[in-house]
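Asks: okay, predicted coordinates and the sequence, questions at the end:
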Amino acid sequence: MDHLSLVTHRELEIAVRVFHPEAPKTVVAWHGLARHGGDFAALARELGPEWRVLAPDTPGRGLSSWSMYPANDYVYAHYMTVALAVLDHFSLDSVPWIGTSMGGLLGMLLAADPASASRIERLVLNDVGPELDPSGLAELASYFTVPHRFTRLGQLEAELRRHYAGFGIDTEDGWRQLTLESARRLPDGSWTYHYDPRIGEQFVHDTPRDTWSDWRAIRCPLMVIRGEDSTLISEDIVQRMGEAQPTLETLSVPGCGHAPMLDRPQQVDPIKAFLESTTSAQQEAVDANALPWWKRWLGIGH
């Protein structure tokens, strides 16, 4: 993280980690259910200094405020208003969005809603989609709806290695860094995770909806990444996503489950190519602007 911006939304303070703050291009990267924006440090490094990466901490996670009203604030409808407040804070009319798990679903809902669709220029979903494996979802719900407490930091690290094996982290330094960024010390000296234990109430309070309908409504360029061993999104679901959105770009990541960490060139280079690709509509605009003024005035070339 090169800079930290604090955005006030209603009674909550939203921490936004900023990588490469002076870069000419911007992308929003939104984390998964129980993670935080610090997870995208390696993504920012691999994207390079020409990309400013805005990585917010969702309320209840990382450096952002915890809510006194989880039933109202730890739900997607509220996260959507938080996301729009972040975009407004940075004066972003339209921006590419990379979302891991929960962050991907949030981006999908924004891109599908007529009131906010224009704010999402293109969308990358990291190991998530409009339909999720029920058993994988139930496992997440059961894990994050109970508190976790560890006597020693080493015990917390061992549990992180077990629970987040799907991230595909393959170095000791990587696991140690994840531990340092995931730990919170309790008043009695024991350890727990960095998030508000009540974030799991989202599984109780959030309203189910037909996200396939949302998926079909999206009109921006789309990419989906799937860990080959994912427990949350199957190959069949990815295939159906492509049938509903024929221009969908896909990436399968070996050695990962839910969800790839987006921390190495093999994972990030295809994302960068997608972010920097030109759509047919954008190319038409470029071609039109390249015409002499009098041809544009007469409508020649359209």
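Replies: It's in. Residues are numbered from 1 along each chain as shown.
Asks: from now on I want contacts and neighbour counts done on CA atoms only, so please keep to that.
Replies: Will do.
Asks: for the record, mean pLDDT for stretch 236-243?
Replies: For stretch 236-243, mean pLDDT rounds to 98.
Asks: and it, how far out from the chain's middle?
Replies: 20 Å (Cα atoms, centre = their mean, to the nearest Å).
Asks: what's next to it, contact-wise?
Replies: Gly129, Pro130, Glu131, Trp215, Val224, Leu248 (Cα atoms under 8 Å, 6 or more residues apart in numbering).
Asks: what two of those residues are the furthest from one another?
Replies: Pairwise distances across these (Cα to Cα) peak at 15.8 Å, for the pair Glu131 and Leu248.
Asks: for Tyr74, give its distance to Ala158.
Replies: 28 Å (Cα to Cα, to the nearest Å).
Asks: chain center to stretch 206-216, what's the gap?
Replies: 17 Å.
Asks: which parts of it are buried?
Replies: Thr211, Asp214, Trp215 (16 or more other Cα atoms under 10 Å).
Asks: ok, for the last one, nearest residue in space, not its chain neighbours?
Replies: Same thing as Trp215. Distances taken as Cα to Cα, 6 or more residues apart in numbering place Pro130 nearest to Trp215, at 6.3 Å, with adjacent residues excluded.
Asks: count the residues that sit near the one you found.
Replies: 21 (other Cα atoms under 10 Å).
Asks: pick out whichever of Tyr74 and Ala158 has more residues nearby.
Replies: Shown here are Tyr74 and Ala158; by other Cα under 10 Å, Tyr74 has more neighbours (23 against 12).
Asks: quick one: the more buried one from Arg61, how far?
Replies: Counting by Cα to Cα, the gap from Tyr74 to Arg61 is 10 Å.
Asks: using the three-state scheme, assign Thr278.
Replies: Under DSSP: H, G, I helix; E, B strand; the rest coil, the three-state class of Thr278 is coil.
Asks: tabulate the buried residues of stretch 206-216 (CSV), appending distance to Tyr164 and secondary structure.
Replies: CSV is the format used below for the buried residues of stretch 206-216 (distance: Cα to Cα, whole Å; DSSP: H, G, I helix; E, B strand; the rest coil):
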residue, distance to Tyr164, secondary structure
Thr211, 26, helix
Asp214, 29, helix
Trp215, 27, helix
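Asks: any chance of the residues you listed in a markdown table, plus distance to Gly242?
Replies: Formatted as a markdown table, the buried residues of stretch 206-216 follow (distance: Cα to Cα, whole Å):
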| residue | distance to Gly242 |
| --- | --- |
| Thr211 | 15 |
| Asp214 | 14 |
| Trp215 | 10 |
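Asks: which member of those is positioned nearest Leu109?
Replies: The closest of the buried residues of stretch 206-216 to Leu109 turns out to be Asp214 (Cα to Cα; 6.6 Å).
Asks: isn't the closest one up against Leu106?
Replies: No - counting by Cα atoms under 8 Å, Asp214 stays clear of Leu106, with 11.1 Å between them.
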